[in-house]
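K.L.:
pasting a predicted model and its sequence here:
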Amino acid sequence: VCCEWLRCCGGGEPRPRTVWLGHPEKRDQRYPRNVINNQKYNFFTFLPGVLFNQFKYFFNLYFLLLACSQFVPEMRLGALYTYWVPLGFVLAVTVIREAVEEIRCYVRDKEVNSQVYSRLTARGTVKVKSSNIQVGDLIIVEKNQRVPADMIFLRTSEKNGSCFLRTDQLDGETDWKLRLPVACTQRLPTAAVSSFPCRSPCGQPVLGEDSDPPISESLSIENTLWAGTVVASGTVVGVVLYTGRELRSVMNTSNPRSKIGLFDLEVNCLTKILFGALVVVSLVMVALQHFAGRWYLQIIRFLLLFSNIIPISLRVNLDMGKIVYSWVIRRDSKVPGTVVRSSTIPEQLGRISYLLTDKTGTLTQNEMVFKRLHLGTVAYGLDSMDEVQSHIFSIYTQQPQDPPAQKGPTLTTKVRRTMSSRVHEAVKAIALCHNVTPVYESNGVTDQAEAEKQYEDSCRVYQASSPDEVALVQWTESVGLTLVGRDQSSMQLRTPGDQILNFTILQIFPFTYESKRMGIIVRDESTGEITFYMKGADVVMAGIVQYNDWLEEECGNMAREGLRVLVVAKKSLAEEQYQDFEARYVQAKLSVHDRSLKVATVIESLEMEMELLCLTGVEDQLQADVRPTLETLRNAGIKVWMLTGDKLETATCTAKNAHLVTRNQDIHVFRLVTNRGEAHLELNAFRRKHDCALVISGDSLEVCLKYYEYEFMELACQCPAVVCCRCAPTQKAQIVRLLQERTGKLTCAVGDGGNDVSMIQESDCGVGVEGKEGKQASLAADFSITQFKHLGRLLMVHGRNSYKRSAALSQFVIHRSLCISTMQAVFSSVFYFASVPLYQGFLIIGYSTIYTMFPVFSLVLDKDVKSEVAMLYPELYKDLLKGRPLSYKTFLIWVLISIYQGSTIMYGALLLFESEFVHIVAISFTSLILTELLMVALTIQTWHWLMTVAELLSLACYIASLVFLHEFIDVYFIATLSFLWKVSVITLVSCLPLYVLKYLRRRFSPPSYSKLTS
């Protein structure tokens, strides 16, 4: 067999591909290996890649050049280790963290690539690893096994000649999709498929046979098995068409990018300002020397001398802080099961302006519950289903000898039918008009064959491509009419009196997005009656059913309650009428040109004046606490957009149900537009509306973005909520990208299926919800949660704390280094602008490590408000969106504080020092350490026991180390009273004014949260 298939790879023209069944060696071109690879680097690119990503930042590049300069004797200022050890430590931390993440990724990929499958050959079956599967291989996939590549479905072991696929790994949807094998290969036994002689004509995707007479078979989407789906019933045989990077799921996914947080970019910007200050100070120093001698060397020596202005410890502190935040998130018992996969961007969670969420499986559980049956004059809710049951029971027990005599047009229509027969007609229509198949599995007591024969209730599960349909069939079972059997051509129902009703399926018209309805024509075996049943959306069914005055109103009422509404109708057909229809239908299906249009026209000839039976209302259960979570996010100033592949009606329904659109908001449904003119008119209509939620389909969105991208995004960003339905995965990512470009704000994407991966990876902060089985989204995300409701706490509490802590930490580390740099500047200017270091060797390393590291780093445990308050008042989150915790204003304030304190300590020491220079170092250094410890205490808002320990430990370390520092500090001088009072005075002068200012500010201009915590 060979089969020709067209696919557009990488945006190029579709190219035909000839595949020889079971003979991969006959291929005419090379195809990619069937390996899944989610890693950012490989073995050779890891170290260069990580180092490049580090040194592309100005910050790290500066320190590398600084450290290298110490190899030049004229530039050396101190021991080499004072520059190389900090830089080496920073790089080691980064490399280890990246390596751990890469190894985890590699292990996950290897697990998938090593799965073993059976390959069918002329000599029988052989075992083959997923990574060794080639185009043209015939692969046998067992039940509950993952489909390893994109394949054409050739054969199934199921008696009914079809199979179901679970697609939750691809789209997060838990309903099963029906797939059909190619007819000519299904008729063969499994072993014969591998020796099937064939060739392929050009053009259409077809399967052709080199036999006499030749057979041509057209292929459709129903004959495909996509990689990543799981076979839910039977064993299937397929021929591999696409592998590796040409898989449909891989082509729909964008490459993962290394995300850099906005906070890190802001810190990078501040370091550039500090570098500018460093250059200016160095030039001023040399200028004051009147550029004497080899002044260019002096400039470089000053640049090295003041290099502390840019703190190398900043990067280490921030990176370690991120690790702490990740640990805190994982340990939080109120968001159990949360995993931090990207520990580089926890601060992003504190500044999200747009949240883009998937619908199915993220906001909803994808579990349908039947809520309402409406017959026009009477409606049955959950509490009155027993009445429906009694009506059905009375129909089948009143006349046990001939139950079907009640049905259909045998009774004169003049006689008003009883309520029981109306309910019965509605329930029977729901039980027959669907695409559901009952499947029997052994339950330990009864085996499969026995269960199928006896229609054993405990062994039965329903399979269908839509969870709505399963909910309807389960409901008819609960009221007494049970679907017990079905194959391609017949259906069996069981009545409350255990009688089996047999129906022959004559035609079935499946649901499509265009038609918004499905129909079925069945013949009742006991009476020979032919009935055409149909169910569909109210918008299309309103024109098909006979005139009535209640349909529109009741549909509106049910939709407002967040129910998915289906209209059910029937039409009885005479034998001649059906035969005429069938002849025309078969003729239309054989036509070559405009086939779908001709088929639709024939079906529409039946869809007239149908009898309206009932309305059904099914609710897609929302996940726990979705409504309060969305309300919290809205109050926090976050705009929520829902991007879904689902139908417009369903998406609108869920948006109302989840209160994404509040009760008093209007909804503007954007009409389907196909060209520039229509888009222009519709955008103008939308512009005239205010405070109105927008609902738009993927097709219309594409047209708007093509011609009016700027105008559309401007209008959409003003909306309180936006719902995009029928969105392709790449479209979701495009919307995220446009939001980032147009608004400059941070976006967060939440999803649970493989179709959300592109959006999650494109957003500034991707959150994956672990679905019932699908884990693809959660593995690709930066943060993985188990339920949507955990998102509220993740943003309000952990996002807030991470951002505010990092802001305080970074500013404090900058302050620490600016203090010592100011002291160096004062020292140099007093001693005739000499490029001599004030503190040397261990003092300079000890200052930013053991003496002050623990108290400064303990700021990562600080919090301004309790987590309960942050959750109760989400409005506090709005303040963070302004970016005030780390801004040019706060940076300038800390610079001024540093200059004040550094110069106070240095001038104080110079004024009070005794005759020897060594005492300046002792007094100024001790004052500096005490000032830093007091400043940490001043900055802390909520004390933690570890903070107290860190303060005392640092002080103890300093006092203990004085014994070893005799080459810098006179130990006998330190023990004198004179030293103690001088240090106390200097420290008080440097810190007391700031304590007074803090008190006054708290008293007269308190921050918003202080009112809530008092």
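P.N.:
Structure's in. What do you need?
K.L.:
from here on, contacts and neighbour counts on C-alpha atoms
P.N.:
Noted.
K.L.:
so what touches the helix or strand hosting residue 747?
P.N.:
Assigned by DSSP states H and E, residue 747 belongs to strand 746-751. For strand 746-751, the external contacting residues (C-alpha atoms under 8 Å, 6 or more residues apart in numbering) are 348, 351-359, 361-362, 736, 739-740, 756-757, 759-760, 763-769, 777.
K.L.:
what number of residues lie near the closest residue to residue 958 other than its chain neighbours?
P.N.:
Taking C-alpha to C-alpha, 6 or more residues apart in numbering, and ignoring the residues beside it in sequence, residue 958 has residue 851 as its nearest neighbour in space, at 6.1 Å. When neighbours are defined as other C-alpha atoms under 10 Å, residue 851 has 26 of them.
K.L.:
again with residue 267
P.N.:
19.
K.L.:
what's it in contact with, if anything?
P.N.:
Contacts of residue 267 (C-alpha under 8 Å, 6+ apart): residue 810.
K.L.:
for it, helix, strand, or coil?
P.N.:
The local conformation at residue 267, judged by DSSP: H, G, I helix; E, B strand; the rest coil, is helix.
K.L.:
would you mind measuring from it to residue 808?
P.N.:
12 Å (C-alpha to C-alpha, to the nearest Å).
K.L.:
return the subset of the contacts of strand 746-751 lying in helices.
P.N.:
736, 739-740, 757, 759-760, 777 (DSSP state H).
K.L.:
for the residues you listed, which one is nearest residue 20?
P.N.:
residue 757 (33.2 Å; C-alpha to C-alpha).
K.L.:
next, count neighbours for that closest one.
P.N.:
Counted with other C-alpha under 10 Å, residue 757 comes out at 33.
K.L.:
you'd agree it is up against residue 253?
P.N.:
Yes. Counting by C-alpha atoms under 8 Å, residue 757 does reach residue 253; the two are 6.5 Å apart.
K.L.:
hey, what's in contact with both of these two?
P.N.:
residue 729.
K.L.:
could you break this structure into its assigned domains?
P.N.:
133-252, 354-365+620-788, 366-395+420-439+460-619 (the TED database).
K.L.:
next up, the contacts around the residue lying closest to residue 607 once chain neighbours are set aside.
P.N.:
Of all residues not flanking residue 607 in the chain, residue 544 sits nearest, at 5.8 Å (C-alpha to C-alpha, 6+ apart). Contact analysis of residue 544 by C-alpha under 8 Å, 6+ apart lists 607-610.
K.L.:
any idea how far residue 544 is from residue 974?
P.N.:
When residue 544 is compared with residue 974 (using C-alpha to C-alpha), they lie 99 Å apart.
K.L.:
same thing with residue 308?
P.N.:
Taken as C-alpha to C-alpha, the span from residue 308 to residue 974 is 27 Å.
K.L.:
likewise residue 537?
P.N.:
With C-alpha to C-alpha as the criterion, residue 537 and residue 974 are 88 Å apart.
K.L.:
what's the answer for residue 483, then?
P.N.:
From residue 483 to residue 974 the distance is 93 Å (C-alpha to C-alpha).
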